[in-house]
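Participant: model the following, please.
(chains A and B)
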Amino acid sequence: MSHGTTTLAFMFQGGVIAAADTRSSCNGLVACPASQKILPVHSHLVGTTSGTSADCALWKRILARELRLYQLRHGRRLSTAGAAKLLAHMLHPFKGTELCVAATLCGWDGVRSGPSLYYVCSDGTRLQGALFSVGSGSPYAYSVLDGGVRWGLTVEEAISLAREAVYRATHRDAYSGNCVDVYHITSHGWTRRDREELREEYYREKERERVKLKERREKQEGVEDGQSSGRKK
Amino acid sequence: MEYLIGIQGQDFVLVAADNIAANSIIQMKQDQDKMFKLSDKILLLCVGEAGDTVQFAEYIQKNIQLYKMRNGYELSPKAAANFTRKNLADYLRSRTPYHVNLLLAGFDETDGPGLYYMDHLSALAKAPFAAHGYGAYLTLSILDRYYRPDLTRDEAVDLLKKCIEELNKRFILNLPSFTVRLIDTEGIHDLEKLMPVGAKLLAPAPSS
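Facilitator: Predicted coordinates:
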């Protein structure tokens, strides 16, 4: 949780959704408001990054290189589980140093296996799961996701939930913010949604709340009028 | 945070481990299996520093399997335990010690059941019952009180349930489920996962 970011990923019937904010912070300074925290590794594998930006970018590239070599040597793509194990074993010698990488690898394996999600951390953790959130904003994201993630979500619902989780986390966490990136991984590969500014989302929500309050007030007044007119009769 | 427990009977060993994989204050995974199968009749239960646990346990697991491939027969639980301890000791004074606490449970055709307790300082002790983690402080006295060397399988499971109920009641952390396995002459058996529900409340204060 010491990593200043919010990233999340979850599996559902339509594949894997990966979402992340775009704020790169350096102590109190926003070093880059438009960074990319979800890095594609190959056509069917995407990795969210958290920790030191440089370390994540480097090791993702190294992982991509090793996976490509594997594919050339063995004639088939390495599974997400294999990629996670490879990354974990490559990071192990650096345990105890300042290297800091916490990634979730989201991929689609082969034609039969389906979606797959692994969390890999530079301290050596490697976990397989259906839902992960990493970073300083992760507790906020977890609480939104835990209330909504189901296997049966539609693609639109899943994307909307992922965006909402990142939005809520960026609202509360100082080290997360700016925009949200959403990637969707299916058997055909990964697709990327256009980057959305969360400031716009905040104003949209404020507007929706204002309209809802107005409607509720009008309805209340309407009911009171009806009641008073009823009594007169 | 993590909890391991082992109870040796006359012709079996019962082991259980909690299922939470945590990172700081977040439960990242609620169905983590902390037991590693070293051979048909040996289980290694491993908790400790993130990363070290799986790395060390898998290293031991692969080496035990390599021994079997090279020599044609499997290591006995006693040999496996001593091999594990030696590795832990060798790494202890290196730059990269493994911070792991282990229970090794196995069944040997000649020696019978065996439970071996190992800690991160590479101590090794063969014990009739053992536990690791903060939960051990709460459950060792229950084991001291009710353990007998001639426990039957059902009695051992009941004793295990007593321990887990106590954790559910008094331990500050929530450990919602435990994987339970039993090793006997026929091999490793998966028992039903234990999921303590609704902790019994302490008796209310008498009101006048």
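
Participant: in chain A, what residue is nearest chain B?
Facilitator: A:Gly124 (1.4 Å; CB to the nearest CB). Bear in mind the C-beta positions are built from the backbone N, C-alpha and C, glycine included.

Participant: quick one: secondary structure of that residue?
Facilitator: coil (DSSP: H, G, I helix; E, B strand; the rest coil).

Participant: whatever residue of chain B ends up closest to chain A: how many residues sit nearby?
Facilitator: With CB to the nearest CB, the shortest gap between chain B and chain A falls at B:Gly51, namely 1.4 Å. By the criterion of other CB atoms under 10 Å in any protein chain shown, B:Gly51 has 21 neighbours.

Participant: got the phi and psi for it?
Facilitator: Torsion angles at B:Gly51 (phi, psi; degrees, to the nearest 10) stand at phi 90, psi -50.

Participant: and the helices in the chain?
Facilitator: Assuming you mean chain A. In chain A, the segments counted as helices under DSSP state H are A:53-74, A:80-91, A:138-146, A:155-172, A:198-232.

Participant: wrong chain, I was asking about chain B
Facilitator: Under DSSP H, chain B gives helices at B:52-71, B:77-92, B:135-146, B:153-170.

Participant: if we can go back for a sec, now the helices of chain A in TSV, with mean pLDDT and mean neighbour count?
Facilitator: Converted to TSV, these look like this (pLDDT from 0 to 100; neighbours: other CB atoms under 10 Å in any protein chain shown):
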stretch	mean pLDDT	mean neighbour count
helix A:53-74	96	15
helix A:80-91	95	20
helix A:138-146	93	20
helix A:155-172	94	20
helix A:198-232	85	11
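
Participant: can you add distance to B:Ile5 and give those helices back as a markdown table?
Facilitator: Shown next, in a markdown table, are those (distance: least, CB to CB, whole Å):
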| stretch | distance to B:Ile5 |
| --- | --- |
| helix A:53-74 | 38 |
| helix A:80-91 | 28 |
| helix A:138-146 | 29 |
| helix A:155-172 | 37 |
| helix A:198-232 | 47 |
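
Participant: which of the ones you listed sits closest to B:Gln10?
Facilitator: With CB to CB as the criterion, B:Gln10 lies closest to helix A:80-91 of the helices of chain A, at 40.0 Å.

Participant: sorry, back to before: check contacts around the residue of chain B closest to chain A.
Facilitator: A:88, A:92, A:95, A:121, A:123-126 (CB atoms under 8 Å, 6 or more residues apart in numbering or on different chains).

Participant: burial count for residue 18?
Facilitator: Going with chain A. Counted with other CB under 10 Å, residues neighbouring A:Ala18 total 27.

Participant: meant chain B actually
Facilitator: B:Asp18, neighbours per other CB under 10 Å, totals 26.

Participant: could you do the one 4 residues further on as well?
Facilitator: Residue crowding around B:Ala22 was assessed by other CB under 10 Å; the count is 16.

Participant: next, the contact list for it, please.
Facilitator: So B:Ala22 contacts B:1, B:28 (CB under 8 Å, 6+ apart).

Participant: so what's it bridging to?
Facilitator: B:Ala22 has these beta-bridge partners by DSSP bridges: B:Gln27.

Participant: for burial, what's the neighbour tally of residue 177?
Facilitator: Just going to use chain A. For A:Gly177, using other CB under 10 Å, the count is 24.

Participant: meant chain B, my bad for not saying
Facilitator: When neighbours are counted by other CB under 10 Å, B:Ser177 comes out with 15.

Participant: so it makes contact with B:Met195?
Facilitator: Yes - using CB atoms under 8 Å, B:Ser177 is in contact with B:Met195, at 4.6 Å.

Participant: can you name the residues that contact B:Ala127?
Facilitator: Residues in contact with B:Ala127 (CB under 8 Å, 6+ apart) are B:6, B:8, B:115-117.

Participant: isn't A:Gly96 up against B:Thr96?
Facilitator: Yes - with contacts counted by CB under 8 Å, A:Gly96 reaches B:Thr96, the gap being 6.6 Å.

Participant: turn the helices of chain A into CSV, including distance to chain B.
Facilitator: Listed next are the helices of chain A as CSV, based on distance: least, CB to the nearest CB, whole Å:
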stretch, distance to chain B
helix A:53-74, 15
helix A:80-91, 8
helix A:138-146, 6
helix A:155-172, 13
helix A:198-232, 23
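
Participant: who in chain B is up against chain A?
Facilitator: Residues of chain B lying close to chain A by CB under 8 Å from any CB of the partner chain are B:21, B:23-26, B:28-29, B:32, B:49-52, B:54-55, B:95-96.

Participant: between the residues you listed, which sits nearest A:Leu198?
Facilitator: When those are compared against A:Leu198 (criterion: CB to CB), the nearest one is B:Ile26, at 22.6 Å.

Participant: quick revisit: report the two of the contacts of B:Ala127 separated the most.
Facilitator: B:Gln8 and B:Tyr117 (11.0 Å).

Participant: the more surrounded of the two?
Facilitator: Higher neighbour count among B:Gln8 and B:Tyr117: B:Gln8, with 26 against 20, using other CB under 10 Å.

Participant: what sits closest to that one if chain neighbours are left out?
Facilitator: B:Leu115 (4.5 Å; CB to CB, 6 or more residues apart in numbering or on different chains).
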